[in-house]
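Novice: sequence and predicted structure are below.
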Amino acid sequence: MKILILFAHPRLKTSVVQAAMLKAIGGIEGVTIRDLYALYPDFNIDIAVEQQALLAHDLIILQHPFYWYSAPAIIKEWQDLVLENGWAYGPGGSRLAGRFLLSAISTGGAEQAYHPQGRNRFEVEDLLAPFNQTTHLCSMAYLTPFVIHAGRRASPEALSTSVESYRDLVIGLRDGSIDPLERLAHGYVLPPGFAAKAAA
Amino acid sequence: MHLSDFLLGAFVYLTAAVIAAPLATRLGLGSVLGYLIAGIVIGPAVLGLVGREGADVMHFAEFGVIVMLFLVGLELQPSKLWELRKPILGLGGLQVTLTAGVIALASWLFGTTWQPAIAVGLVLAMSSTAIVLQSLGERGLLKTAAGQSSFSVLLFQDIAVIPILALLPLIAVAHGAEDHNSSLIADLPAWAQGLLVLAAVAVIILAGRYLMRPLFRLVAGSGIREIFVAFALLIVVGITLLMQFVGLSAALGTFLAGVVLAESEYRHELEMDLDPFKGLLLAVFFMAVGAGIDFSLLASQPLTIAGLVLGFVAIKLAVLYGLGRAFRMSLPDASRFSFSLAQGGEFAFVLISFAAGLGLLAATQSGMLVAAVAISMALAPLLMLLDENVLQPRFVKNGNTREADIIDGGGARVIIAGHGRYGMTVNRLLGASGISSVVLDHDVEQIDALRKFGYKVYYGDASRLDLLEAAGAKDAQILVVAVDDRAKINEIVEIAKQHFPHLKLFARAWDRVHAYELINLGVMGVHRELFASSVEMGKDVMRALGQHPFEAHRASRIFMAHDEQLIRKAAQHVDDEAALVDIARKGRAEIENVIGEDVRQKEVPRDHGWEAPDKTRE
């Protein structure tokens, strides 16, 4: 499986966790990394190029810090511009059907904070609902998100363990040793378009 | 004529013009009537300041009519002329034949033999292009239905002068007078004359098409303004001479040349340059007409002449009004149309002297005709006033409203002055976004290149009010001043501010100090010409050094916004006295100021978003 990692961090210089994650998946064969902030510092996203990149891969990973319970602004801009009506969704828009999408995020807060009784009141997967549904609308399969919680405050050893597991996940998915359909997000029902594409 | 005589004459005419025109306009009479009255006053009848040389002056001033027709031609693209073919041929043709016929019949009934009667009819069928266009133009009525129809008729009359000049000798032969032709080729056989006439017309059209543009480019490329003016005059004078040589109407020749050049990018510049000559010469022409009225004849036969004037004006009015209604003009339009054209015209004088030369008209006849035509011309502004102030208001009361003015189409929202490295980029961006603009530039090659791609580009100096006006500054929304001369930029801005306060101004600033000036002049969009580009380069250098592109981008935006704030603040504190200081020295001082400010302000402006909470809270 060919993997496309769309990476977004507006200030990589000060990043700890995302920088480590990025480093861990660098230079793996069959894995393409696109740093959106570096490619489009003025947000002038090249739609055709980005769409081609999507078509050339089977699994798309959105890797970014979990800013304000969501993604940095350029991910939203990417969604708005690249996932065009009639192309990614809507009438005649099934170009992405049958592909997989994974959110690989890092949070500042600890895991227990993302809980109905926690400070952040919601589970991470619940907060990622917009990405889940975006994936569904595009007839793709949304996988259980990969999350590193409070990596900034973790010990170097703990952080490197987390980062290793990210690398293992990516390589496993690439090799097929991990079946993405067994990692579907909690309660995710495959969209009809996905099944049709997979059957074909 | 001695120089002092000439100067004295010029002094008299100019004084009369300067006094009469503003006075008449102030009184609401229009400048034409002012000039005519001034002519009467300085003429032999009242002060006698001018008189004997009246005919010479008239000849000289007829050149004004010729220049005017050249300008009229310039306004008329061949496509527009073709559009107007119906009113020109139909309305104009019928007006001339019907009016001439009815007047000829009337004078035959009064006992004139038929040949002179026809001559009189043709002479009086003409209206005054000079008076009508000037008056309609002054009132802004040229683009109305009545104005366009009047124009069509006048155009036909101007063209009709040529066949009439050809026709009169034939009638004269029948009348028993000897053949007489004033042109220099009169001794040639008829076929050779015809050939020469055709050749002359072909020369004008071909030269206008293929020779003028390179010549203009050459002349404009020299950058000497007066040479351009001289060249414009040269064209008109040259054509006049050529036409006189082959015995054609010079007015028609220049008109033709004007039409041929109407599509040229130098059209506006030509108009601007010749307009003052036209105006002045026409003023002299009208004064000469006024001075030429033979008051002794008037005094000896006042009733005959009054009857003549009243009679032919009434006939013209009736024919014009009937034609107007037949051509489906509304009541007010037909009224304005007929009252505009009811007078006799300057071509009448030409025809009268020609017919007299042929022996078609006796001396008393021609004298009376000249007086009648001149009086009708003097009355023309009054007739138009009568229509405007007495008749038109009634139409409105009767529920007939005036038709809306036809506004010249193609008004662009943006005017770009200067289409060099700077303005071109602005224009290209706008064009790529489907926004068309009118471009004014001084660079001949630029203009040629741009016109090839269908841009509206005009040659000329954008600091000229008339050129801005011609470019449509009244209807545009935005003026982009992108010329590269800082004094010129300020000049254009000041003129635009003063005359077109509605325009949003965008101007290119040479440096910081110039930016202060422009900000204080009230320019909305002040853009330092190299600023954005330098910042972009700085950003790229940062990237090349390995900075993250987005980081470099943010830094550049923050720097730009900060500097923009600084410059606006600084502009407020530039006092007038300081502005007088040598600009170069001031620029240097300002650089020190700014850099000093950068060094003092070590603190980087806030940009703490995206930082991890633990870091921000420290």
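Specialist: Yep, it's here. Numbers count the residues shown, from 1 in each chain, chains lettered A, B, ... in the order given.

Novice: next, residue B:478: phi, psi?
Specialist: Backbone torsions for residue B:478, taken as degrees, to the nearest 10, come to phi -130, psi 140.

Novice: typo on my end, residue B:224
Specialist: The phi and psi values for residue B:224, taken as degrees, to the nearest 10, are phi -100, psi 110.

Novice: count of residues packed around it?
Specialist: For residue B:224, the tally of surrounding residues (other C-beta atoms under 10 Å in any protein chain shown) stands at 11. In this view, the C-beta of every residue, glycine as well, is placed from N, C-alpha and C.

Novice: residue B:296 too?
Specialist: Using other C-beta under 10 Å, residue B:296 is surrounded by 11 other residues.

Novice: over to the one 10 residues further on?
Specialist: Residues within reach of residue B:306, counting by other C-beta under 10 Å, total 13.

Novice: and it, how close does it get to residue B:152?
Specialist: 31 Å (C-beta to C-beta, to the nearest Å).

Novice: what's the answer for residue A:77, then?
Specialist: Per C-beta to C-beta, residue A:77 is found 60 Å from residue B:152.

Novice: same check on residue B:291?
Specialist: As judged by C-beta to C-beta, residue B:291 and residue B:152 stand 32 Å apart.

Novice: quick one, which of those two is more surrounded?
Specialist: Taking neighbours as other C-beta under 10 Å, residue B:291 and residue B:152 compare with residue B:291 leading, 29 against 22.

Novice: where does the nearest residue to the more buried one once chain neighbours are set aside land on pLDDT?
Specialist: What sits nearest to residue B:291 in space, not counting adjacent residues and going by C-beta to C-beta, 6 or more residues apart in numbering or on different chains, is residue B:43, at 3.2 Å. pLDDT recorded at residue B:43 is 80.

Novice: how about the residues of chain A by chain B?
Specialist: Proximity of chain A to chain B, by C-beta under 8 Å from any C-beta of the partner chain, involves residues A:9-16, A:37-39, A:41-42, A:67, A:72, A:108, A:152-153.

Novice: is the residue sitting furthest away from the middle of chain A in a helix, a strand, or coil?
Specialist: Going by C-alpha atoms, centre = their mean, the residue of chain A most distant from its centre is residue A:117, 26.4 Å out. Residue A:117 falls in the coil class when you classify it by DSSP: H, G, I helix; E, B strand; the rest coil.

Novice: same question for residue A:61.
Specialist: Assignment for residue A:61 (three-state DSSP): strand.

Novice: quick check: the gap between it and chain B.
Specialist: Plainly put, residue A:61 is 20 Å away from chain B if you go by C-beta to the nearest C-beta, to the nearest Å.

Novice: that residue contacts residue A:174, doesn't it?
Specialist: No: Residue A:61 is not in contact with residue A:174 according to C-beta atoms under 8 Å; the separation is 10.9 Å.

Novice: now do the contacts for whichever residue of the stretch 201-350 of chain B sits closest to chain A.
Specialist: Of all residues in the stretch 201-350 of chain B, residue B:265 sits closest to chain A, at 36.3 Å by C-beta to the nearest C-beta. With contact set as C-beta atoms under 8 Å, 6 or more residues apart in numbering or on different chains, residue B:265 has these partners: B:447, B:448, B:451, B:457, B:458, B:459.
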